[in-house]
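Participant: pasting the sequence and the predicted model now:
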Amino acid sequence: MNLATVITIYAAITAVAGVYILIVTGLNGAWLLHTNLVRPQRSGPLVSVLIPARNEEANIAACLDSLLVQSYDSYEIIVYNDDSTDGTARILAHYANQHPERLKIISGHLEAGWYGKPHAMQRLSENASGSWLYFTDADTLHGKDSISKLVGLAEYYKADFISGYIRHRIGSFGEAAVVPSIYLLTMVAMPLWIIQSLKTPSISHAIGQAMFFRTSTYAAAGGYAAVKNQASEDVRIARLVKKHGGRAIFADLKEDVSCRMYADYKSAITGFSKNVYDYFNKNNLVLAAATVAVPLVFFIPIIGSIWLPAALGAAQPFFRLNCLALLYAWSFVALERMLPWYIPFIYPVILVNVLSTAWRAYRLIKDGKAIEWKGRMVK
């Protein structure tokens, strides 16, 4: 077998990979659209809305304003002030005075052996009274049907746990070069429509900005105490829910919840460093395999689609098919997730950044260091 034949076979494999990614992306988009058609349910059992807040003076007021005007008829809001050193406590005290019938503030200190967010979530759940627990972040904004939509989804799908893609607002090019990597798993390897059907815990997906649990299911899974020292606690607890027999759904929540995750490129890189390497159980073989696979599937075909020696010309149509399929896949994601228009044209930069965040975390942990997040160290 000569070199031209080998290159052509390789190019054909990249074309198949590109078309596969386009198909998975399209099917997942169709599933998300289906979940978005479920009607909100504006009455039902008590829902506890639970918000961890650490140094959130810039965000917490807007978050609470959006949650205090929900269409759902039975809910409470509990905020955990997690040793904030800014004006968060003052803002929370003001809102608690204005809305004593709806809003409760608790506080505490991080305990040894815990990461900050799981600890805050566990303390929140211990103070909740609802039949459902709705964990959401302090930098989120909620449409008036945010709670009603989740209750409606739970009823329609007979679910015990719901998470989903909210709308991720992007305010700068630096954020755009990192944040869309949050969609890579569901573009490549996670068929969202079968999460509800398969009992396999590894076939799970969750986003920490919207975590909706049946309280009894949450307790059976061990709560956040079961993932108390995990950086990717959202995905880990979703797997535990399925392991303990709960039915999980991953839905489209962009019409009901939005968030600007990071303020700039630097904070985005730091935030993703905290999660990406941990998501794959800090497995160096997986990281090495991804580092080899990404250039082979995504970068080399770009070069081959533009230029190849005449002797390798038979491979070029396959490389071009790969690039076209990936461009369509990213265009679909950008349109469906309401991302900036230029995202499909910078996907190689996004891939470089997501790999760099994982390698950054690997180097820090290998050297016995940790990633600093909100003034705390996370390994």
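Facilitator: All right, it came through fine.
Participant: so what secondary structure elements neighbour the longest helix seen in the chain?
Facilitator: If each helix of the chain is counted by residues according to DSSP state H, the longest one is helix 3-36. Contacting helix 3-36 under the criterion 3 or more CB pairs under 8 Å, 6 or more residues apart in numbering; DSSP states H and E are the following elements: strand 161-165, helix 184-188, strand 248-252, helix 300-306, helix 316-336. All C-beta atoms are positioned from the backbone trio N, CA, C, and that covers glycine.
Participant: tabulate those (CSV), appending mean pLDDT and mean neighbour count.
Facilitator: Compiled in CSV, those are given as follows (pLDDT from 0 to 100; neighbours: other CB atoms under 10 Å):
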stretch, mean pLDDT, mean neighbour count
strand 161-165, 98, 26
helix 184-188, 91, 18
strand 248-252, 97, 26
helix 300-306, 93, 17
helix 316-336, 96, 20
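Participant: so which of the ones you listed gets nearest I106?
Facilitator: Proximity to I106 (CB to CB) singles out strand 161-165 among the helices and strands packed on helix 3-36, at 23.5 Å.
Participant: any chance you could map the helices in the stretch 251-379 of the chain?
Facilitator: Along the stretch 251-379 of the chain, the segments classed as helices by DSSP state H, counting those that start in this stretch run 265-279, 284-294, 300-306, 316-336, 347-366.
Participant: how much does the last one deviate in direction from helix 316-336?
Facilitator: Inter-element angle recorded for helix 347-366 and helix 316-336: 80 degrees (by axes from the mean of the first three to the mean of the last three CA atoms, to 10 degrees).
Participant: tell me which of the helices of the stretch 251-379 of the chain lies nearest to S172.
Facilitator: Nearest to S172 among the helices of the stretch 251-379 of the chain is helix 265-279; the distance by CB to CB comes to 7.2 Å.
Participant: remind me what that closest one packs against, helices and strands.
Facilitator: For helix 265-279, the packing partners by 3+ CB pairs under 8 Å, 6+ apart come out as helix 173-176, helix 347-366, strand 371-373.
Participant: possible to save those as TSV with mean neighbour count, mean pLDDT and distance to E255?
Facilitator: Written out in TSV, the entries for the helices and strands packed on helix 265-279 read as follows (neighbours: other CB atoms under 10 Å; pLDDT from 0 to 100; distance: least, CB to CB, whole Å):
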stretch	mean neighbour count	mean pLDDT	distance to E255
helix 173-176	18	94	21
helix 347-366	18	87	24
strand 371-373	17	58	29
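Participant: export these as CSV, with columns for distance to I166.
Facilitator: Listed next are the helices and strands packed on helix 265-279 as CSV, based on distance: least, CB to CB, whole Å:
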stretch, distance to I166
helix 173-176, 15
helix 347-366, 19
strand 371-373, 20
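Participant: okay, the helices and strands packed on helix 3-36 in JSON lines with distance to D86 next?
Facilitator: As requested, the helices and strands packed on helix 3-36 are arranged in JSON lines below (distance: least, CB to CB, whole Å):
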{"stretch": "strand 161-165", "distance to D86": "29"}
{"stretch": "helix 184-188", "distance to D86": "33"}
{"stretch": "strand 248-252", "distance to D86": "33"}
{"stretch": "helix 300-306", "distance to D86": "45"}
{"stretch": "helix 316-336", "distance to D86": "34"}
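Participant: what's the closest of those to Y342?
Facilitator: For these, proximity to Y342 was assessed by CB to CB; helix 316-336 is nearest, at 8.3 Å.
Participant: my read: R123 touches N81, true?
Facilitator: No: here R123 lies out of contact with N81, judged by CB atoms under 8 Å, at a distance of 10.4 Å.
Participant: list residues touching both of those two?
Facilitator: With contacts taken as CB atoms under 8 Å, 6 or more residues apart in numbering, R123 and N81 have I106 as neighbours in common.
Participant: so which bits of stretch 8-19 are buried?
Facilitator: Of the residues in stretch 8-19, those buried under the neighbour-count criterion (16 or more other CB atoms under 10 Å) are T8, Y10, A11, A12, T14, A15, A17, G18, V19.
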